[in-house]
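In: Fold the following.
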Amino acid sequence: MANKIFFILAAVGVPVSVAGNLLHWPETIMFVIYCLTIIALASFMGRATESLAIVSGPRIGGLLNATFGNAVELIISIFALKAGLTGVVLASLTGSVLGNLLLVGGLSFFIGGLKYKRQFFSIHDARHNASLLIFAVVVAFVIPEIFSMEMKPAQTFHLSIGVSVILIVLYLAALFFKLVTHRGVYQHGEEEAEEHEEPEWSKGRALTVLAVATLAVAYVSEALVHTFETVAHSFGWTELFIGVIVVAIVGNAAEHASAIIMAYKNKLNVAVEIAVGSTLQVAMFVAPVLVIISLFFPQQMPLVFTVPELVAMVTSVFITIAVTTDGDSNWFEGLTLLAAYVIMGIGFYLL
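Out: Residues are numbered from 1 along each chain as shown. Okay, the predicted model is just below:
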């Protein structure tokens, strides 16, 4: 049923988005249409990556979901950078961290916990990810903010470039560690029992759907970015709220759905890998890449967040670590993460 709804939304939304963009229809209406269209296209990307992931195992499957889920947000952010909306981009990165850790992680634990009293996932992966989260968010994001107080803007941007290069190198090293040199070393029977699932689509069809959906998302995303200013004035929203809540949810719709479905199927290793792995990818790859890409635009984007953004991200990291390092979850832990997300959402709305 849900797949039919998303198919209809995509089939109607793409041509309407093209027509609305070319004919300059009211931007407030088009904002809603663009968002719904991107969410529908993201669902196809999620289904395609899930088909590819069935034969790849939970780690590579989670990485695929996180990568193509973040591709949507990366595309939106690049067009936002091109438009000079660096505040929206930084806010959307903040929203991705909060959304993946608290909203996606919380919903996964909550929905899965309603069906199963306890769910288990790899404690070794959880502890490994915890150290990377602390490095990526607490160290790499906080340091530029502190040092920027004593630096000129040009020096701050140079520091941001250096931090970005280090983050990208460390992220690639982390993937090499998990998928090559230490693949399977820490499992010890903690993986879910393998089920012989048949992929929904063949490999060729899944790759074709990914390519077409990504191109469509790129077009709709560029149009979406141009509606931000009008929507902000119409609804009284700030750029911060649009970035933290709206862009983050729309941009990460694919992995949101995939993680929740995996948790409901009691495949919590995949769900956690999507939620936490996506956060690490945003912090250690997407954000640094955007800093480097901003070199080619008139307005550069240093890796310097506002104090509320930093406090929210650091808090979400520590509460996630507190919940996940024991290797099991239940619905109440999920509800705790969701409550933290709602509190922060209210704060960003009123800010």
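
In: Quick one: list the elements packing against the helix or strand hosting Leu41.
Out: Using DSSP states H and E, Leu41 maps to helix 27-54. Where contact means 3 or more Cβ pairs under 8 Å, 6 or more residues apart in numbering; DSSP states H and E, helix 27-54 is packed against helix 2-23, helix 58-82, helix 203-225, helix 228-235, helix 248-251, helix 253-264. To be clear about C-beta, it is placed using only N, CA and C from the backbone, and glycine gets the same treatment.

In: Pick the most buried one from those helices.
Out: Most buried of the helices and strands packed on helix 27-54, by mean neighbour count (mean count of other Cβ atoms under 10 Å): helix 253-264, with a mean of 27.

In: Just the mean pLDDT for that one, thanks.
Out: Taken as a whole, helix 253-264 carries a mean pLDDT of 78.

In: pLDDT on the strand or helix carrying Ala340, on average?
Out: With secondary structure defined by DSSP H and E, Ala340 is part of helix 331-350. Average pLDDT, helix 331-350: 94.

In: per-residue pLDDT, the nearest residue to Trp237 once chain neighbours are set aside?
Out: The shortest distance from Trp237 to any non-neighbouring residue, by Cβ to Cβ, 6 or more residues apart in numbering, is to Val231 (6.7 Å). For Val231, the pLDDT comes out at 88.

In: how much space between the residue lying closest to Ala71 once chain neighbours are set aside and His233?
Out: The spatial neighbour of Ala71 that comes closest, neighbours along the chain excluded (Cβ to Cβ, 6+ apart), is Thr214 at 6.2 Å. Plainly put, Thr214 is 31 Å away from His233 if you go by Cβ to Cβ, to the nearest Å.

In: before we move on, back to that, now the helix holding Leu41 against helix 203-225, angle please.
Out: 160 degrees (axes from the mean of the first three to the mean of the last three Cα atoms, to 10 degrees).

In: ok, which stretches of the stretch 51-200 of the chain are strands?
Out: Applying DSSP state E, counting those that start in this stretch to the stretch 51-200 of the chain gives strands spanning 119-120.

In: Output the below-cut-off pLDDT ranges for it.
Out: For the stretch 51-200 of the chain, residues meeting the criterion pLDDT under 70 lie at 55-62, 65-66, 69, 184-197.

In: just the helices in it please.
Out: Here the stretch 51-200 of the chain has its helices, by DSSP state H, counting those that start in this stretch, at 58-82, 86-98, 105-115, 123-133, 142-148, 153-176.

In: So which bits of the fourth one are buried?
Out: Buried residues in helix 123-133, counting neighbours by 16 or more other Cβ atoms under 10 Å, are found at 123, 125-126, 128-130, 132-133.

In: Which single one of those residues is nearest to Arg183?
Out: Ranked by distance to Arg183 (Cβ to Cβ), those are led by Asp125 at 11.6 Å.

In: From Leu102, how far off is the closest one?
Out: 19 Å.

In: And for Phe235?
Out: Taking Cβ to Cβ, one finds Phe235 at 23 Å from Leu102.

In: And for Leu52?
Out: For Leu52, the distance to Leu102 - Cβ to Cβ - is 27 Å.

In: Contacts for stretch 308-323, please.
Out: 90-91, 94, 97-98, 101-102, 105, 109, 130, 133-134, 137-138, 141-142, 145, 240, 244, 276, 305, 329, 333, 336-337, 340-341, 344, 347-348, 351 (Cβ atoms under 8 Å, 6 or more residues apart in numbering).

In: got it, and stretch 93-102?
Out: The contact list for stretch 93-102, computed with Cβ under 8 Å, 6+ apart, reads 70, 73, 77, 137, 243-245, 247-249, 251-252, 255-256, 275-276, 278-279, 282-283, 286-287, 290, 305, 309, 312-313, 316-317, 319-320, 337-338, 340-341, 344.
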